[in-house]
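Asker: I'd like to go over a predicted model; first the sequence, then the structure.
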Amino acid sequence: MKHFADLYTQLDQTTKTNAKVDALARYFEQADAEDRLWTVAILSHRRPRRTVNSTLLRTWAAEMAGIPLWLFEESYHIVGDLSEAIALALPRQQTENPRSLTYWIEYIKSLGQLEEGEKKEQITSAWNSMGYTERLVFNKLIMGGFRIGVSQKLMVRALSQYTGIDENILAHRIMGNWDPAETSFESLILTKDPLEDISKPYPFYLAYALEDDPEELGGPGEWLAERKWDGIRGQLIVRKDELFVWSRGEELVTDKFPEYHPLAGLLPNGTVIDGEILPFKDGKPLTFNDLQTRIGRKNVTKSILKKVPVAMMAYDLLEWQGEDIRHYPLHERRLLLEQLMENHPAGGVLLLSKTVPFSQWEVLAEERNNSREHHSEGLMLKRKDSEYKAGRKKGDWWKWKVDPLSIDAVMIYAQRGHGRRANLFTDFTFAVWDGDALVPFAKAYSGLTDKEFREITTWVRRNTRERFGPVHSVEPTYVFEIAFEGIRASTRHKSGVALRFPRISRWRKDKPVREANTLEELQKILEVYKG
Amino acid sequence: MALLEFNDKGIYCPTADVYIDPWKPVERALITHGHADHSRWGHKHYLCTESAKPVIRYRLGDVQIQSIRFGEQVTHNGVKFSFHPAGHILGSAQIRVEHQGEIWAVSGDYKLEDDGLSEPFEPVRCHTFITESTFGLPVYRWKEQAKVFEDINAWWQKNKADRKVSILTAYALGKAQRLMRGLDESIGPIFTHGAIENTNQVMRRQGVRLPKAKRVSNKFKKEDYIGGMVIAPPSALNAPWMRKFKPLSIGIASGWMALRGARRRRAVDRGFVLSDHADWNGLNDAITATGAQRIIVTHGYTSIFTRWLREERGLEAYEAQTEFEGELSEINETGTEE
């Protein structure tokens, strides 16, 4: 565990991407194959199932620390992270643990069948054999939530540095459902043909926002434009008569969208479509908020299916007749997609995202301005001869959103409202990333429904880290889209900007906290829109 | 009438008509130490320890300051006051107050570990102990300072190897000098921010031995700083002043750095857990050593620590509202602003 704990320390001590990648690559070199694979798993959000609940952990930690439970809970509130609070509270131990990461993961997994008393003995004896960082890491392995500032993208880069295998290939190999206990580093990472696993999706190609004038992209003839639909990016797979639907968050969501199930029989095997899971009714899209009403639900009821039906708005074809065609130029993939849809009509569940014809950029700019009328967020610009890349890449694909005066921000402080809202947290401070720090830039009070306010209130109560009088600082967790009418430079604010009429336009539960916007992006908006 | 009470101006002794560390202007102020939240502007008469006086004089200028030796007694209207080492910074004291056999002690800020610079903490036997609680949670437990300095020097060494400037932020008074004394001068030159060097000069003049340091100024070129260590106050972080040191690595030395969240929110490269305040064990040991049955808890995790003392340690414990800040300004953390 020492190796892995050292890695944790190194990653935690730097905010520089290259230093993180180097530390990881070095770790991959030193670790044994099992630990290596588990590290890949953990950093791509695959964790062992939880075998001990957090209430028990708190109780045992308080006991071992010799403090009453309430005092531990108060401390945990202030620390904000349970794994860390436990590691800080336990009596100091100057040992280093010789066991491997894999050993401890197996250890944690084996607790599942034990009685509570036996679990306690196992956990406390494990704690007793570890130093501070090892305990922290061990607790995180039990509880999940391994946020250490290393995205999957960085991990893949480090893996590529270590193996010499192309990042795109690696990104694909680690997609989908796999369990480190049932595979090996050798077979998953080094040799595996990804298509053996019929459910395996391709990595999504994501676009950056276009900031420059589109004129700079070159001749309009080289580009294809389509609407940017406001749903959830998804990948639809039909292989061996089975259907799999993946969301961009690498979550298998097939069961959540029964509308798509007939496609297993309608589309030919060996078909993978990239598209948008879009709430769609009476010939037009509904809003993202409508879609949200059914995402969170465990059971998809008849009434919700009727209220918010979905369609798949198809953008691209990634696999055709069982062949990975991501390297084909876009115009060819599109043609194949159109043919496929023509030959296999799917009764309105599968729609083609139509291209927006244009011969001049000015014409397209007008189309962009009327995006709202089409219930879309703006336009997507794709180079006609572009291949389908893995991850977020610049150059060939751009999103050209209609309303640039909005930013995705992280809630960091919450305060109770007044009057009617006195018992709810309704006043929030939002921040954007500056490296690994969050810089507050706006307060907003409105925009959520009462139900959402109640939900966030419960959450704030449980996740308050520190209190400064009425202000609660919370664990940065949730991303909100903040809309605003204007922006100007300000010396009074740390962020250097002041916003006019900021309000919450939506709660981006779909967005991980790390993907909120950055101070640089905020300042870019200032550059463009000040004055 | 209690021997000491808390009013809107500070900790007040009605019998003697004097205040301890008042936050509003008063006639007579007894000062535990020179930090700004304890020795404020505007009082008529100040009384502090001999070793605290030069810095307070430097900070407050031409005001009426008398000094007293540790352990020496001064009497006001029958109330006996004496100053005893608090181990917080040079010259810092706990103030013992005795009247008709009843003894109170006001801790000011304190720590138990001997930092080699402050007069080491001495427990004061008393009936009522007024304690700070800046780090009054069981998650705050310090490593011994020698270990922390090993980490700091290793970090400096590595930065030097990477041809970077090391910047370490700390309070200009107390922490900065403690850090300087812990640095391994053989690694490279030490530079100081003006605010710190001014304090250094005051201390050097009173006979405190500090390592050689160069005041940051325009006479140095960018290359001169490479491999060096710059000690700066927290306010210099993110100020244009920092630009001349690129490439750099920034560290903060503060008790708050014990928590990962506090460290990461500041986006510095390293956080070193080093405090001039008592940690959880320190607070508890200090309280035990006073033998006091009654504890009044001021600035820090006041309510939590009070409950702990009352419920788990069976002491008569109360919270008191003050305007002391503990170590908050060391990380620029005040109110709702970051």
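Answerer: On my side now, so go ahead. It should be emphasised that the depicted structure is a prediction, and the values quoted were computed from it without experimental measurement.
Asker: please count neighbours and contacts with C-alpha atoms only from this point.
Answerer: Will do.
Asker: okay, now the unreliable bits of the stretch 201-338 of chain B?
Answerer: Under the criterion of pLDDT under 70, the regions of the stretch 201-338 of chain B flagged as low confidence span B:265-266, B:328-338.
Asker: which residue ranges of it form strands?
Answerer: Ranges of strands within the stretch 201-338 of chain B are B:214-215, B:229-232, B:248-253, B:270-272, B:294-300, B:316-319, based on DSSP state E, counting those that start in this stretch.
Asker: give the other helices and strands that the third one contacts.
Answerer: With contacts defined as 3 or more Cα pairs under 8 Å, 6 or more residues apart in numbering or on different chains; DSSP states H and E, strand B:248-253 has these neighbours: strand B:165-169, strand B:270-272.
Asker: please work out which of these is packed deepest.
Answerer: Counting by mean count of other Cα atoms under 10 Å in any protein chain shown, strand B:165-169 has the highest mean neighbour count of those, with a mean of 27.
Asker: helices and strands around the helix or strand that that strand is followed by, which ones?
Answerer: Downstream of strand B:165-169, the next assigned helix or strand under DSSP states H and E is helix B:175-182. With contacts defined as 3+ Cα pairs under 8 Å, 6+ apart, helix B:175-182 has these neighbours: helix B:145-161, strand B:229-232.
Asker: domain map for chain B?
Answerer: For chain B, whose domains are defined here by automatic domain parsing, the residue ranges read B:5-139+B:276-327, B:145-272.
Asker: burial check on residue A:259, number of neighbours?
Answerer: Applying other Cα atoms under 10 Å in any protein chain shown, we find 16 other residues in the vicinity of residue A:259.
Asker: same question for residue A:11.
Answerer: 21.
Asker: and if you look at residue B:232?
Answerer: For residue B:232, the tally of surrounding residues (other Cα under 10 Å) stands at 25.
Asker: so where's chain A shaky on pLDDT?
Answerer: Low-confidence segments of chain A (pLDDT under 70): A:145, A:192-195, A:289, A:372, A:403-404, A:417-423, A:469-470, A:485-486, A:528-531.
Asker: any idea how far residue B:205 is from residue B:22?
Answerer: As for residue B:205, its distance to residue B:22 is 28 Å (criterion: Cα to Cα, to the nearest Å).
Asker: and those two? Which one has more around it.
Answerer: Taking other Cα under 10 Å, residue B:205 and residue B:22 do not tie; residue B:22 has more neighbours (29 against 10).
Asker: residue contacts, residue B:295?
Answerer: Remark: with contacts taken as Cα atoms under 8 Å, 6 or more residues apart in numbering or on different chains, residue B:295 is in contact with B:128-131, B:315-318.
Asker: out of these, which touch chain A?
Answerer: Near chain A, judged by Cα under 8 Å from any Cα of the partner chain, there are no entries from the contacts of residue B:295.
Asker: who's the residue in the stretch 351-500 of chain A that chain B sits nearest to bridged to?
Answerer: Using Cα to the nearest Cα, the closest approach of the stretch 351-500 of chain A to chain B is made by residue A:437 at 4.8 Å. Counting by DSSP bridges, residue A:437 is bridged to residue A:434.
Asker: burial check on it, number of neighbours?
Answerer: Other residues within reach of residue A:437 by the criterion other Cα under 10 Å amount to 19.
Asker: surely it meets residue B:267?
Answerer: Yes: with contact taken as Cα atoms under 8 Å, residue A:437 and residue B:267 are classed as touching, separated by 4.9 Å.
Asker: residue A:484: neighbour count?
Answerer: Here the neighbour count serves as a burial measure; for residue A:484 (other Cα under 10 Å) it reads 20.
Asker: quick one: residue B:34 and residue B:208, what's the gap?
Answerer: According to Cα to Cα, residue B:34 stands 16 Å off from residue B:208.
Asker: more neighbours: those two, which one.
Answerer: When residue B:34 and residue B:208 are compared on other Cα under 10 Å, the one with more neighbours turns out to be residue B:34, at 27 against 15.
Asker: SS state for the more buried one?
Answerer: Assigned state for residue B:34: coil (three-state reduction, DSSP: H, G, I helix; E, B strand; the rest coil).
Asker: and the gap between the residue nearest to it when sequence neighbours are not counted and residue B:48?
Answerer: Across the structure, with Cα to Cα, 6 or more residues apart in numbering or on different chains as the measure, the residue nearest residue B:34 apart from its sequence neighbours is residue B:56 (5.4 Å). Plainly put, residue B:56 is 9 Å away from residue B:48 if you go by Cα to Cα.
Asker: between the two, who's got more neighbours?
Answerer: Neighbours around residue B:56 and residue B:48, counted as other Cα under 10 Å, are more numerous at residue B:48. The numbers are 26 against 22.
Asker: give me the phi and psi for that one.
Answerer: According to degrees, to the nearest 10, the main-chain angles of residue B:48 amount to phi -150, psi 180.
Asker: is it in contact with residue B:30, as I believe?
Answerer: Yes: taking contacts as Cα under 8 Å, residue B:48 lies within contact range of residue B:30: 6.2 Å.
Asker: could you say which helix or strand holds residue A:124?
Answerer: Taking DSSP H and E as the criterion, residue A:124 maps to helix A:116-128.
Asker: and if you look at residue B:198?
Answerer: Remark: residue B:198 resides in helix B:194-205, with elements defined by DSSP H and E.
Asker: what does that helix contact?
Answerer: Helix B:194-205 is contacted from outside by B:54-55, B:58, B:172-173, B:176-177, B:210, B:213, B:215-216, B:231-233, using Cα under 8 Å, 6+ apart.
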